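pasting a predicted model and its sequence here:
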Amino acid sequence: MAMTAKPIPEGFHALTPHLTVRNAAKAIEFYTKAFGAKEKGRAVGPDGKAIMHAALQIGDSMIMLNDESPDWQCFSPLSKPGAGYCVHLYVSDVDVVFNRAVQAGATPTMPIADMFWGDRYGQLKDPFGHLWSIATHKEDVSMEECAKRMKEQFGGAGCGDKTHKH
């Protein structure tokens with residue numbers, strides 16, 4: 001059973017880098033060795049291999065990453081120079097901030113929706129070409145519940161282990 005949660009999950013700051021990489025598993029190994037990252041959790045896609053989402057803690061900050069997926073227009077800089085990142089912004093009311101950004105000139109690329117991991121979430125591109133994901137954390141979801149919801153949505157492998165509540 002899911003519980004209500006803080007709009008910005010424990011351990012996160014308002015802004016969080018979100019990288020798209022080729023071979024996220026190797027990237028996690030690299031960031032662990034190079035920067036002392038600690039993996040907080042991961043969600044593996046329906047193929048059981050591709051990482052749809054992972055969260056790492058480096059120092060007092062989080063970084064999110066995923067494998068590139070051309071089907072979802074997610075490219076790493078190895079495929080498209082200049083691609084491979086997203087600025088993730090946690091706010092107390094995603095609907096208000098998302099709509100304000102659209103009114104200011106941003107283009108929605110993924111409509112706001114309640115996501116299986118517990119965030120109300122959407123993506124947009126700013127007038128300068130930068131991708132932003134904006135979310136309000138609505139509920140802390142156990143890894144078991146996350147996996148169940150993901151499987152219902154995608155028929156896939158689901159969320160990984162660790163203590164990640166995102």
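That came through fine.

from residue 19, how far out is the closest residue to residue 77 other than its chain neighbours?
Residue nearest to residue 77 in three dimensions, not counting chain neighbours: residue 84, with 4.2 Å by Cβ to Cβ, 6 or more residues apart in numbering. For every residue, glycine as well, the C-beta is placed using N, CA and C. Residue 84 sits 6 Å away from residue 19, going by Cβ to Cβ, to the nearest Å.

which one's more surrounded, those two?
Summary of the neighbour comparison: residue 84 and residue 19, criterion other Cβ atoms under 10 Å, with residue 84 having more neighbours (21 against 18).

what confidence value was assigned to the more buried one?
pLDDT, residue 84: 76.

check residue 134 too.
pLDDT for residue 134: 91.

please apply the same query to the one 5 residues further on.
The per-residue pLDDT reported for residue 139 equals 92.

what about it, neighbour count?
Every residue meeting other Cβ under 10 Å relative to residue 139 is counted, giving 16.

all helices for the chain, in order.
Ranges of helices in the chain, per DSSP state H, are 24-35, 94-103, 143-154.

which residue packs closest to residue 119, ignoring adjacent ones?
Counting by Cβ to Cβ, 6+ apart, the nearest residue to residue 119 once its immediate chain neighbours are dropped is residue 135, at 4.1 Å.

right, and the one you found touches residue 92 too?
No: here residue 135 lies out of contact with residue 92, judged by Cβ atoms under 8 Å, at a distance of 10.7 Å.
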